[in-house]
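> Sequence first, then the predicted structure, then my questions.
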Amino acid sequence: MELHHCFSSILVSWLVWWCASCICYPDDVVYADQTASLNVDFRSSGQKIPDSLFGISFEEINHAGAGGLWAELVNNRGFEAGGKNTPSNIDPWTIMGDESLLVVSTDRSSCFDRNEIALRMEVLCDNTESTVNSCPAEGVGVYNPGFWGMNIEKGKTYKVIMYVRSFESINISIALTGPNGLPTLAKSEIIAEHVSNWTKVEVMLEAHETNHNSRLQLTTTRKGVIWFDQVSAMPMDTFKGHGFRSDLFKLLADLHPGFIRFPGGSFVEGQWLMNAFRWKETIGSWETRAGHFNDVWRYWTDDGLGQFEFLQLAEDLGALPVWVFNNGISFNDVVDSSTIYPFVQEILDGIEFARGSPESPWGSIRASMGHPKNFDLRYVAIGNQDCWRKNYRGNYLKFYSEIKSAYPDIQIVSNCDGSSQKLDHPADLYDFHVYRDAKSMFSMANYFDHTMRGGPKAFVSEYAVTGNEAGRGNLLAAVAEAGFLIGLERNSDVVEMASKAPLFVNVNNQGFNPDAIVFNSWQSYGTPSYWMQHLFKNSNGAILVNSTLHYSSGNSLISSAVSWKSNDGKTYLRIKIVNFGNNKVNATISIDGLKRNSVRTNGSTQIVLTSGNVMDENSFNKPTKVAPVRSALKNASNYMKVTLSPNSINCFDLLIESGSVWEI
């Protein structure tokens, strides 16, 4: 009886162990710690990674530029957003004071040919002694709240420019105030006798208080009719005075992007061609720019951030500009290939604007805008996501032929995917967009392992983890995207460039989710995916080092190794390991090809991006809740043991002694 019971117990235990070894557990179950090993062969370095591999993609979406990176505080500064019909909607301009005391409308009296609309303000009250109908002490007029409030900070100076016209003398108060007209943060008076012709007025306002939800007011206590046009308010602390909001520019600069793609995205196409981005409409002085309705993302842009500013932004960032232009195709209409030539000529003119000598027709316009030296434009993309649209190939070939004939060195990007089959048209690169859930994105790490070598290279211009599980940008998305980028890094012989999209989002206008950088009028922070990109910025121009990862517990680990030099000439070996699983992994790293004691402990560091919960996000209150943490790597050597936390991105920067690599 006892023997039978003992045998039964052994049998049951064995069956339990055997069944457990066969079960496929769901991903969210946490098991015991697992082990892995990574061998890095420093002697057999692979190819040089392109200098441009990791960059950024800018699109006018989520008020990324208008009300974002472009620091203009006034929303609808030319009163054009309501269209050319009069009277026009002047939103968000609003009447200040008793509406019985003034009449505000629009007419076509502007002195600027390309933006005809001006604001007409007829004041019916007056504060002279003979007037019965008196104005209130604070006056009447209009105010502009900017883009969900203007950020005005104590001690900073703001330049206000506007154009005015009146048949009588004027006495106008220009003020920056709180959201309800109080308190007054800065103020100036404009008194003039002769303004019957349009007159440019410029004042500098220094704020003596801070308010992040301010507005600009134009008021008077004098009866008469005043016209206003092109009212601008710009902070004086933009980057190099180039008009870029300083905190948002710094977030971009800290990524050290190899390139910047602009101006989109779907913004390039437009729902209709009449609303597509046309570069010639965005150059010259800001007052003369017509602006246009961004009908894809449903808001007006005054095109203060135009073609010149995009090129300037690239130069300021030390990044190569990648110009995406409209090829005669929108979402709803298309130009026939037989009549596409005016569009082609427009692009040839645009390349001359960027690269032509100061004596050339379009290069001279660039020079007149303050940049006689040419911009370093090497890449252009013919359209955005248009491969499947009618006439794309026919139009593409016309652009390709003319551009290559005039500028044979320009690298041209096709919208058609060349990763799985050979393109049926010539191209230097092909555009590749990938939006996936986290698990699918991580699995895409191996996608380019099987891509044909020798053809056009891939430009992964838009990638992102999307869907409900991505939240507003969380750790899960960042870890999955990091795995995908390691795959691109290891396949950089066939992948030329990669950028996450979208780049920016104003929290008051989230048209696409998630995004890399979040901001409001005065605050900004990077999502975990933004910080993830920091861990790849030293890969541009680095040398890919051969490495082999052994991990028998699944497909949740991926790694790479690159050799890079710091600005002071020191050599580092950066080993990146992404753990997309829910288990802690104990890993050993061994490095072949280095002399003994060639890894310096002093100067070697470990960087980890993780958090307590895979759904954790950053916020204005906790902007670095999920951000890389750097620490000294005290056990740095040719052979070391490391711990990989669940759902983490791990970088090991090993400082290598000069001349310590064994020759083969």
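Now that the structure is in, tell me what you want to look at.

> need the contact list for the closest residue to Cys651 other than its chain neighbours.
Excluding its sequence neighbours, the residue lying closest to Cys651 (Cβ to Cβ, 6 or more residues apart in numbering) is Ile607, at 4.1 Å. Placement of C-beta: from N, CA and C, glycine included. Residues counted as contacts of Ile607 (Cβ atoms under 8 Å, 6 or more residues apart in numbering) are Leu535, Pro628, Val629, Arg630, Asn650, Cys651, Phe652, Asp653.

> quick one, phi/psi of Ile607?
Dihedral angles of Ile607 (phi, psi; degrees, to the nearest 10) stand at phi -120, psi 130.

> Tell me the buried residues within the contacts of Ile607.
Taking 16 or more other Cβ atoms under 10 Å as the criterion, what is buried in these is Leu535, Pro628, Asn650, Cys651, Phe652, Asp653.

> Secondary structure and pLDDT added to those residues, as CSV?
Formatted as CSV, the buried ones among the contacts of Ile607 follow (DSSP: H, G, I helix; E, B strand; the rest coil; pLDDT from 0 to 100):
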residue, secondary structure, pLDDT
Leu535, coil, 98
Pro628, coil, 98
Asn650, strand, 98
Cys651, strand, 98
Phe652, strand, 98
Asp653, strand, 97
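
> would you say Tyr396 is within a strand?
No - according to DSSP: H, G, I helix; E, B strand; the rest coil, Tyr396 belongs to no strand; its state is helix.

> That one contacts Ser414, correct?
Yes - the pair Tyr396 / Ser414 is scored as a contact, 6.6 Å apart, by Cβ atoms under 8 Å.

> Find the residues that touch each one of those two.
By Cβ under 8 Å, 6+ apart, the residues touching both Tyr396 and Ser414 are Ile382, His425.

> Would you mind listing where the stretch 101-250 of the chain has pLDDT under the threshold?
For the stretch 101-250 of the chain, applying pLDDT under 70 flags the ranges 129-131.

> what about dumping the CA coordinates of the longest strand seen in the chain to CSV?
Scanning the chain for the strand with the most residues, using DSSP state E, yields strand 34-48. C-alpha atoms of strand 34-48 as CSV (Å, rounded to 0.1, in the frame of the first residue of the first chain):
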residue,chain,number,x,y,z
GLN,A,34,16.7,33.6,-17.4
THR,A,35,20.2,33.6,-18.8
ALA,A,36,21.8,34.8,-22.0
SER,A,37,25.2,35.3,-23.5
LEU,A,38,26.6,37.8,-26.0
ASN,A,39,29.9,37.5,-27.8
VAL,A,40,31.3,40.5,-29.4
ASP,A,41,34.2,40.1,-31.9
PHE,A,42,36.0,43.4,-31.9
ARG,A,43,38.5,42.2,-34.5
SER,A,44,35.9,41.6,-37.3
SER,A,45,34.2,45.0,-37.5
GLY,A,46,31.4,45.3,-40.1
GLN,A,47,30.4,48.1,-42.3
LYS,A,48,30.4,51.8,-41.4
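
> How about the secondary structure of the closest residue to Lys223 other than its chain neighbours?
Spatially, and ignoring its direct neighbours in sequence, Lys223 is nearest to Asp126 (3.7 Å; Cβ to Cβ, 6+ apart). Three-state call for Asp126 (three-state DSSP): coil.

> show me the contacts for Asp126.
By Cβ under 8 Å, 6+ apart, the residues touching Asp126 are Asn133, Ser134, Cys135, Thr221, Arg222, Lys223.

> Please report how far it lies from Lys187.
Remark: distance between Asp126 and Lys187 (Cβ to Cβ, to the nearest Å) = 21 Å.

> Report the buried members of the contacts of Asp126.
Buried positions within the contacts of Asp126, assessed by neighbour count (16+ other Cβ under 10 Å), are Cys135, Thr221, Arg222, Lys223.

> Tell me if I'm right that the first one and Gly141 touch.
Translated: Cys135. No - if you go by Cβ under 8 Å, Cys135 and Gly141 don't touch, sitting 9.8 Å apart.

> between those two, what contacts are shared?
Contact criterion Cβ under 8 Å, 6+ apart; residues shared by Cys135 and Gly141: Gly97, Thr220.

> so where does Asp376 fall, helix or strand?
For Asp376, there is no host helix or strand (DSSP states H and E).

> Now the spatially most central residue of the chain: phi and psi?
With distances taken as Cα atoms, centre = their mean, the residue of the chain nearest its centroid is Leu503 (2.9 Å). When quoted as degrees, to the nearest 10, the phi and psi of Leu503 stand at phi -90, psi -50.

> Can you pick out the most distant pair from the buried ones among the contacts of Ile607?
Pro628 and Phe652 (12.7 Å; Cβ to Cβ).

> helix, strand or coil for Trp362?
Following three-state DSSP, the label given to Trp362 is helix.

> Counting neighbours, what do you get for it?
18 (other Cβ atoms under 10 Å).

> Please report the distance of it from Gly284.
Per Cβ to Cβ, Trp362 is found 12 Å from Gly284.

> In the stretch 401-550 of the chain, what residue spans correspond to helices?
Remark: helices assigned in the stretch 401-550 of the chain by DSSP state H, counting those that start in this stretch are 438-443, 475-490, 528-534.

> so how far is Ser196 from Ile117?
Distance, Ile117 to Ser196, using Cβ to Cβ: 20 Å.

> Apologies, that question was intended for Lys584.
78 Å.

> again with Thr177
Separation of Thr177 from Ser196 (Cβ to Cβ): 30 Å.

> Please identify which of these two sits among more neighbours.
Using other Cβ under 10 Å as the criterion, Thr177 and Ser196 rank with Thr177 on top: 23 against 10.

> List the contacts of the more buried one.
Thr177 neighbours (Cβ under 8 Å, 6+ apart): Tyr143, Pro183, Thr184, Leu185, Asn211, Ser214, Arg215, Gln217.

> one more time with 7 Å
Taking Cβ atoms under 7 Å, 6 or more residues apart in numbering, we find Thr177 in contact with Pro183, Thr184, Leu185, Ser214, Arg215, Gln217.

> One more: Ile347?
Applying Cβ under 7 Å, 6+ apart, the residues contacting Ile347 are Phe325, Phe399, Ile403.

> and what of Gly526?
Shown in contact with Gly526 (Cβ under 7 Å, 6+ apart): Leu251, Ala516, Ile517, Asn618.

> cool, Trp522 as well?
For Trp522, the contacting residues are Asn151, His212, by Cβ under 7 Å, 6+ apart.

> Per-residue confidence, it, what does it come out as?
pLDDT, Trp522: 98.

> I'd guessed Met369 sits against Glu309; true?
No - Met369 lies out of contact with Glu309 (Cβ atoms under 7 Å); the separation is 9.6 Å.

> Between those two, point out the one with more neighbours.
With neighbours defined as other Cβ under 10 Å, Met369 and Glu309 compare such that Glu309 has more, 24 against 16.

> Which strand or helix spans the more buried one?
Using DSSP H and E, Glu309 falls in helix 307-317.

> mean confidence for that helix?
Throughout helix 307-317, pLDDT has a mean value of 98.

> Determine the set of other helices and strands touching that helix.
strand 259-262, strand 320-325, helix 341-355 (3 or more Cβ pairs under 7 Å, 6 or more residues apart in numbering; DSSP states H and E).
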